[in-house]
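Q: sequence plus predicted model, see below.
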Amino acid sequence: MKKSYFVWLLAILLLTACAGKDTEPAEPKKNVATEEVAKEDEEETGGRTESKEYVPKEVEYYEIENLGRELSELENEMLRYPGIYSGDDYDEVKVNEAIDQLPDDLTAEQYFDELKYLLTEDYHEELETLLRFDPNVEVDIARPDETVENPGIKTAHYAILIDASGSMKAMVGNKNRMDAAKEAVFEFAEQIPENATISMRVYGHKGSGSDADQELSCTSTENFYNGNFDNGKFMKALDKIKPAGWTPIGLALETVKEDIPENTDDVIVYVVSDGIETCGGDPVKAAEDLVSADIETVVNIIGFDVDNEGQKLLKEVATAGNGEFTYVDSEQDLKKYLKAQYEEIQKAWQEWKRAGQKQAHELKEEKKKLANETKESMKKKSNQEKERMKQASQYLKSRLEETENSSIGNDLYFKSIDYSGAKYWFAIDIGSDAYWESINSGNEKYWEFVEEGNEKITETIKKKNEQ
């Protein structure tokens, strides 16, 4: 009985021991000294893991090619690749986290390089714009005198065909038709654009009005002048013209092609005649052939004291030549017609002046805008960069307060101001120079058009009023 009791009691004790082992494991002993050291390390580093060796970041720079000069130290620095948290990528929390990973024993320069790696803004496009900026306002408006392409008159040639038939001896007022025509033609020639060319062709100037001389006279046409207008030479050529024979207008229109210089864009033909074709030619067809050529040609007929039948026939020639017929019966009327031609030249100069002023102003405004917007963009970025760097340096200062580097924070704060401030003032200096140089160049070009245009207009008006 007792034996059974002890066996039972032993079993109960064994079961109880096993149950206690499964439900209540033994706690390991704590290493108090190790725990306190780890806690102190965590408090000193703020939870950071100190790197064994500091490795500076690699810095890359943009390049500006073919600038023609060496870049300054500041300009080179402004080509630095932007920081990883610059511009719209800025994130204060991530910046602070990146600062927390830095060792506590760096130099001020090393810390500042890290701030630049994080926060430097991207200036390279604005910098290249200002370094390549051309403030000169160049206006491409053609002058009527053909020094450049003209909005109204291109590379022009004026061909004047003068009737030297015997009927031009008839009197008009106190002088004959020929003298009146010469005077009006000369005054008109003085007003053509300076770089245009002019030719003078005479027809019917040989022989006489007799039947015996008809063939000689009807085959006579000769170029008396060709080239740029020269006062003395042109007058001498006019003096050689003497009224003589018949009226071969068709022949003159056919042969005037020989007088047109190469590379001429426009040809304006003026036929001065006191009568119709008398040599059997076909001036209408000759005029049609002229205007159908590659060169843009207009044939104007000035009928000098022409009867009704003659006016009708000369109008047909002008129509075929895409020009106009003007009837004049006196020296005064001829001058009136030529005065209208002066007015066209005056109008061309007025249009040239207005177009030049407009383009000079528009180009000036474009350059002003580009210079100002580029400057303001750089200023904005430098201010943004400065404020973010100041904020980051303050954060780093607070982190280093209990370390041997506690004084570095103030250095970084002022370095940030100087670093970004230099860019700010660079933008103001260079951008403002570009802005004002654009204004001065644009204004200068504007007034060049005003002065030259007014001078030419005044000259034309003076000649016109002398008619």
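A: Received the coordinates, thanks. Residues are numbered from 1 along each chain as shown.

Q: helix or strand for I162, which one?
A: Here I162, judged by DSSP states H and E, is contained in strand 156-163.

Q: likewise for N383?
A: Assigned by DSSP H and E, N383 falls within helix 331-399.

Q: counting contacts, what elements does that helix pack onto?
A: Here helix 331-399 touches helix 92-100, helix 108-119, helix 124-131, helix 177-189, strand 296-304, strand 325-328, helix 408-465, going by 3 or more Cβ pairs under 8 Å, 6 or more residues apart in numbering; DSSP states H and E. Yep, even glycine has a C-beta here, placed from its N, CA and C like the rest.

Q: what residues sit buried inside the fourth one?
A: For helix 177-189, the neighbour count (16 or more other Cβ atoms under 10 Å) marks 177-182, 184-189 as buried.

Q: got the angle between it and strand 296-304?
A: Interaxial angle of helix 177-189 relative to strand 296-304 (axes from the mean of the first three to the mean of the last three Cα atoms, to 10 degrees): 140 degrees.

Q: output the contacting helices and strands for helix 177-189.
A: In terms of contact count using 3+ Cβ pairs under 8 Å, 6+ apart, helix 177-189 is assigned the packing partners strand 156-163, helix 231-239, strand 266-273, strand 296-304, helix 331-399.

Q: who wins for proximity to E53 among those?
A: In this view, these are compared for proximity to E53 by Cβ to Cβ, and helix 331-399 is the closest at 20.0 Å.

Q: what angle sits between that closest one and helix 124-131?
A: Counting by the same axes, to 10 degrees, helix 331-399 lies at 140 degrees to helix 124-131.

Q: let me see the mean pLDDT of helix 331-399.
A: Rounded to a whole number, the mean pLDDT of helix 331-399 is 86.

Q: figure out how far that helix is from the centre of its chain.
A: On the basis of Cα atoms, centre = their mean, to the nearest Å, the separation between the geometric centre of helix 331-399 and that of its chain is 10 Å.

Q: L251: how many residues sit nearby?
A: Close neighbours of L251, defined as other Cβ atoms under 10 Å, add up to 23.

Q: and it, what element?
A: For L251, the enclosing helix or strand under DSSP H and E is helix 249-255.

Q: that older thread, where among the helices and strands packed on helix 331-399 is the average confidence lowest?
A: For the helices and strands packed on helix 331-399, the stretch scoring lowest in mean pLDDT is strand 325-328; its value is a mean of 67.

Q: which SS class is N223?
A: Taken by DSSP: H, G, I helix; E, B strand; the rest coil, the conformation at N223 corresponds to strand.

Q: wait, it touches H205, no?
A: No: N223 is not in contact with H205 according to Cβ atoms under 8 Å; the separation is 11.6 Å.

Q: more neighbours: those two, which one.
A: In this view N223 and H205 are compared by other Cβ under 10 Å, and H205 has more residues nearby, 21 against 15.

Q: torsion angles phi and psi at that one?
A: Torsion angles at H205 (phi, psi; degrees, to the nearest 10) stand at phi -90, psi 0.

Q: just E324 next, same as before
A: Per-residue torsions, E324: phi -140, psi 150 (degrees, to the nearest 10).

Q: just for the stretch 51-200 of the chain, where's the confidence low?
A: Of all residues in the stretch 51-200 of the chain, those with pLDDT under 70 make up the ranges 51-52, 143, 145-154.

Q: please name the residues that touch the spatially most central residue of the chain.
A: Nearest to the mean C-alpha position of the chain, counting by Cα atoms, centre = their mean, stands L363 at 6.5 Å. Each residue near L363 by Cβ atoms under 8 Å, 6 or more residues apart in numbering is listed here: 137-139, 442, 445.

Q: now a ChimeraX select for only the buried ones of these.
A: A single ChimeraX command suffices to select whichever of those are buried according to 16+ other Cβ under 10 Å:
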select :137,139,442,445
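
Q: wait, which of the contacts of L363 is closest to N308?
A: Nearest to N308 out of those is V139 (Cβ to Cβ; 51.2 Å).

Q: verify the contact between that closest one and G356 for me.
A: Yes: using Cβ under 8 Å, V139 is in contact with G356, at 5.4 Å.

Q: got any residues that touch both of the two?
A: Common neighbours of V139 and G356 are listed as 445, 449 (criterion: Cβ under 8 Å, 6+ apart).

Q: ok, now how distant is the residue nearest to the centre of the chain from P82?
A: 33 Å (Cβ to Cβ, to the nearest Å).

Q: do V95 as well
A: Note on V95: its distance to P82, by Cβ to Cβ, is 14 Å.

Q: those two: who's more crowded?
A: Set side by side, V95 and P82 give different neighbour counts by other Cβ under 10 Å, the larger being at V95 (21 against 18).

Q: compute the distance between the more buried one and Y117, please.
A: 11 Å.

Q: show the contacting residues for G431.
A: Contacts of G431 by Cβ under 8 Å, 6+ apart are 130, 371-372, 374-376, 378.

Q: and for E109?
A: Under the criterion of Cβ under 8 Å, 6+ apart, the contact list for E109 is empty.

Q: my guess is Y90 contacts R388. True?
A: Yes: here Y90 lies in contact with R388, judged by Cβ under 8 Å, at a distance of 6.4 Å.

Q: name the residues contacting each of the two.
A: Overlap between the neighbourhoods of Y90 and R388 consists of L119, taking contacts as Cβ under 8 Å, 6+ apart.

Q: the more surrounded of those two?
A: Legend: neighbour count by other Cβ under 10 Å for Y90 and R388, higher for R388 (23 against 17).

Q: count of neighbours near the residue lying closest to that one once chain neighbours are set aside?
A: Nearest residue to R388, sequence neighbours excluded (Cβ to Cβ, 6 or more residues apart in numbering): L119, at 4.9 Å. The burial count assigned to L119 is 25, neighbours taken as other Cβ under 10 Å.

Q: my guess is L119 contacts D89, does it?
A: No: at 10.1 Å, L119 and D89 do not qualify as touching, with contact defined as Cβ under 8 Å.

Q: now stretch 254-264 - C-alpha only, PDB.
A: In PDB, the C-alpha atoms belonging to stretch 254-264 read as follows (Å, rounded to 0.1, in the frame of the first residue of the first chain):
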ATOM      1  CA  GLU A 254      11.900  95.600-128.500                       C
ATOM      2  CA  THR A 255      15.400  96.800-128.000                       C
ATOM      3  CA  VAL A 256      15.000  98.200-124.500                       C
ATOM      4  CA  LYS A 257      15.700  94.600-123.300                       C
ATOM      5  CA  GLU A 258      19.300  95.300-124.100                       C
ATOM      6  CA  ASP A 259      19.500  98.000-121.500                       C
ATOM      7  CA  ILE A 260      18.300  96.000-118.500                       C
ATOM      8  CA  PRO A 261      21.100  94.900-116.200                       C
ATOM      9  CA  GLU A 262      21.400  91.300-115.000                       C
ATOM     10  CA  ASN A 263      19.900  90.400-111.600                       C
ATOM     11  CA  THR A 264      17.200  93.100-112.000                       C
END
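
Q: quick one: contacts of it?
A: The contact list for stretch 254-264, computed with Cβ under 8 Å, 6+ apart, reads 155-157, 159, 161, 197, 199, 201, 221, 223, 226, 267, 269, 281, 286, 289-290, 293, 295.
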